[in-house]
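Chemist: Give me a model of this one.
(2 chains)
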Amino acid sequence: MAIVEMKKLRLLAVRDSKEELLRELIRHGCVQFTELEPRLRGTEAEGLVRSEGSELNALKAKHQSLVHAVELLDRYAPKKTKLLSAKPELEDRVLIDDTGLAGALKTAETLEGYDTRIKRISAEESRQRAVIESLQPWLDLDLPLNFEGTERCSVLTGSLPSRIPVEETEAALAAVDEESELFTIREEKKTRYVLLVCMRGQLAAMQDALRPFGFTPSALSGMNGTARQCQLDAEQTLKELAAEKENCAHYITDDAVHRDELKLAADRVNVKIAMAEAEERLCGTESVLVMEGWIPAEKENELAEVFERFGCAWETLDPTEEEYPEVPVKLKNNKFSDALNMVTNMYSLPAYGTVDPNPVMAPFFILFYGLMMADMGYGILMILAALVAMRKIRPRAGTLSFCRLLLYGGISTFLVGVLTASFFGNAPDVIAKMCGSSWKLWDPVFSPVNDSERVLYGAMILGVIHLNFGMAINFREKLRHGNAAGAVFEEGAQFVILLGIVLYALGLLVFPDAALLQKLGLGIMILGGAMLLLGSMRGAKGFGIITAPFSCIYSTLTGWFGDVLSYSRIMALMLAGGVVAQVFNTIAAMPSEKGVTPVSGVIFVVVFLIGHALNFALNLLGCFVHDLRLQCLEFFGKFYQDGGKPFEPLRIRTQYINPQE
Amino acid sequence: MEFLNSIGGFAIGILGAGLAAFMAGIGSAKGTGIAGEAGAGLVSEDPSKFGKAMILQVIPGTQGLYGFVIWFLAFSKLTGVADVSAITVAQGLQILGACLPIGFAGLLSGIAQGKVAAASVNILAKKPDDWSKGMILCITVEFYAILGLLASFMMLNAVSL
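Modeler: Numbers count the residues shown, from 1 in each chain, chains lettered A, B, ... in the order given. Okay, here's the model as predicted:
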């Protein structure tokens, strides 16, 4: 329910025990090492110790290879998994162990080898296909493609644009030598494939004569045999390649038995990477390791036992105020407020030494969410989704808090839905009407459509309460840090004004006869205002004493005005979701207006399902985002100090297998 | 006035209903179009991101839906009257006015949201883990279409035929 208290750890250990010590620490998962080397620079120690090297890069390469191998298996031998399934669990001892790693790496290497071969084969296949394509025009030519002529005459294959008339080219050839001849092998739409026969020695002159017509010699000379033979050869090669490719794919599929082994190995390498990353932050001499870091104060005794066992020299210190920006932040919450971890993480963690907003935020967040969504049907869907996910996926950390948030939001949505009497909009009423009954769900306590004004004011009053909670936190924090004057003149003054407004409003609206109450309210308001103005002048100097009260009035008024109006979105989303749901119900029921037929019944179900799926998805997201905004902008604005760095201890982080808890 | 009378309140009301549906519809069509183009570019590189790209694409689709909702309400209000020729020009103009907020809010917010969605496809491409943040950026634009819907809805409710 708070920000966990941290202690600074300084540790000296014997180098020989490095591996064992790190293994022990990763299992405890509660030490975050800080990088030591930059802090030693320029000190006496600089010459003595040096930074520890590690095999980080090599390990990362190994990890990549293993993950790639798993991906290959998933591609060539997909394993049917259930849509929602939990990751397998193993004891952390097993994950830290690195036996069998070499074997798995070898398997991965083999698999990658097959993959490379398949890629090469694919490249070769497209080359062969291109050959077959290029041979197509020459299939009718009986001469071998590498045939260059006889003792007396030369032959040359080539192509001409077909728009050139045959007579013109023949005339051009005849002008050089009457004996030469141009045979058309195949005529296509744009190109004419030709065979030129001429006397040996005149080949170059002939080519020169044809060039102006756009004659290009073909690039087939490297091939043996006729075009038909060559094409058959290429087809044969293609068949062989396909068979080889299939073989390779088979080899990969055969290795699918090693899938779990590869996954385990990948996660074992993950553990090793985490350890290597920690190692890079350490320093040491030839026989001693020096480390510095942060540990949660509550884990001190647990770790003390480990350090004693390894014969370490160590001390823990409470961080000083100057060190606060460096201290990593870890939030500790119960099952209820933990759900909001996700929200705080998405925004920014609170600075160390300030307040954890989750416990205060949780009830408001969940209430606002319910108010915006406000539908029993949607609430039930959310609860079910959350429960199924929690049961089937057995989520951890972030996902778990998300599931919890979904669950609580669902409960709150359901309860508010009871008050507004909406179940998938007005579905029960519509269905009853379709069936010709005048049955109705109970009367709503408040309905966004009919009492939108009341709902709007209610939303803003909730906003005032919410904002005051934020201010109250700031009030307490200021007192705690000895800033009593600030607390009284800023937050305190605003509380007094608010009290005055409430009394005045009570006098005006509820007890119109008690004139004293109004006067009292007015008096208190003026007192609060005076406190606020005095407070604003406190820090001001010179001319500022005159301007400060004005800017204070302006910023306080506009600030409150904007903040409170912003809560009208609660009413807006509540109404919008309800209206869209009702319209879908009405459209769905339209064909059934003159009695329900099988067709109109089916139409009802289809339109109902599609419409509500859309509305549900949209509202699920929309309400979350707007709730988030109210918390992070309006509420946090009153007290929150962000900028905390997350606590990232050396711990087991895995991809495929969860460590057992 | 003579001219408006010759057109009749019903026609003016129908014009309003039509505007709500078609302007918001254009907004969504353009918005989903812009986001879809960006999404298709990403999917051509990495087909496995299709699902998420599609979600980003459909976000600007809601404006059209809101426009349709208002069209439906206005249309059923207009046709629900026993004698449509009895609808006065003033009433027709009221319906027309009530339909305008979602028409304009839908048109412009749809296009604007489409651009945000297209930019969020970039997040999906470069930082796939943070793509949900892009979704949040899109939803901010959505709010103004919701406000348009509400304004239209409450005004329509206030018009009595």
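
Chemist: does the residue lying closest to residue A:355 once chain neighbours are set aside count as helix, strand or coil?
Modeler: In this structure, residue A:355 finds its nearest non-sequential neighbour in residue A:473, 5.7 Å apart by C-beta to C-beta, 6 or more residues apart in numbering or on different chains. (Glycine included, C-beta is placed from N, CA and C.) State at residue A:473, reduced to three classes by DSSP: H, G, I helix; E, B strand; the rest coil: helix.

Chemist: Tell me, how many residues neighbour residue A:473?
Modeler: Residue A:473 has 19 neighbours, counted by other C-beta atoms under 10 Å in any protein chain shown.

Chemist: contacting residues for it?
Modeler: Applying C-beta atoms under 8 Å, 6 or more residues apart in numbering or on different chains to residue A:473 gives the contacts A:355, A:360, A:638, A:639.

Chemist: Show the pLDDT at it.
Modeler: pLDDT recorded at residue A:473 is 91.

Chemist: Likewise for the one 5 residues further on?
Modeler: pLDDT, the model's per-residue confidence, is 89 for residue A:478.

Chemist: What of the one 10 residues further on?
Modeler: You'll see residue A:488 listed with a pLDDT of 86.

Chemist: if we can go back for a sec, of the contacts of residue A:473, grab the buried ones for ChimeraX.
Modeler: Filtering these down to the buried ones (16 or more other C-beta atoms under 10 Å in any protein chain shown) takes a single ChimeraX command:
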select /A:355,360,638,639
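
Chemist: Nearest to chain B, out of the contacts of residue A:473: which one, please.
Modeler: residue A:638 (21.5 Å; C-beta to the nearest C-beta).

Chemist: I figured that closest one was touching residue A:470, is that so?
Modeler: Yes: between residue A:638 and residue A:470 a contact is recorded at 3.1 Å, counting by C-beta atoms under 8 Å.

Chemist: separation between the residue nearest to residue A:355 and chain B?
Modeler: Noted for residue A:473: a distance of 25 Å to chain B, by C-beta to the nearest C-beta, to the nearest Å.

Chemist: And residue A:316, by the same measure?
Modeler: In terms of C-beta to the nearest C-beta, residue A:316 sits 35 Å off from chain B.

Chemist: Can stretch B:22-38 be said to contact chain A?
Modeler: No: Stretch B:22-38 stays clear of chain A (C-beta under 8 Å from any C-beta of the partner chain), getting no nearer than 12.7 Å.

Chemist: Pretty sure residue A:651 sits in a strand.
Modeler: No: looking at residue A:651 with three-state DSSP, it is coil, so not inside a strand.

Chemist: ok, so what distance separates it from chain B?
Modeler: 19 Å.

Chemist: In a markdown table: the contacts of residue A:473, plus secondary structure, distance to residue B:22 and pLDDT.
Modeler: Output for the contacts of residue A:473, formatted as a markdown table (DSSP: H, G, I helix; E, B strand; the rest coil; distance: C-beta to C-beta, whole Å; pLDDT from 0 to 100):
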| residue | secondary structure | distance to residue B:22 | pLDDT |
| --- | --- | --- | --- |
| A:355 | coil | 51 | 88 |
| A:360 | helix | 47 | 88 |
| A:638 | helix | 44 | 86 |
| A:639 | helix | 48 | 86 |
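
Chemist: what's the closest of the contacts of residue A:473 to residue B:90?
Modeler: Using C-beta to C-beta, the shortest approach to residue B:90 within the contacts of residue A:473 belongs to residue A:638, at 47.7 Å.

Chemist: list the contacts for that closest one?
Modeler: A:467, A:470, A:471, A:473, A:474.

Chemist: What is the neighbour count of the second one?
Modeler: Here the number of neighbours of residue A:470 (other C-beta under 10 Å) works out to 23.

Chemist: How about the first one?
Modeler: Applying other C-beta under 10 Å, we find 24 other residues in the vicinity of residue A:467.

Chemist: Do you know the pLDDT at it?
Modeler: So residue A:467 comes in at 93 (pLDDT).

Chemist: is the particular helix or strand that has residue B:138 in it up against chain A anywhere?
Modeler: Assessed by DSSP states H and E, residue B:138 sits inside helix B:131-158. Yes: on the criterion C-beta under 8 Å from any C-beta, helix B:131-158 is in touch with chain A at B:133, B:135-136, B:139-140, B:142-143, B:146-147, B:149-150, B:153-154, B:157.
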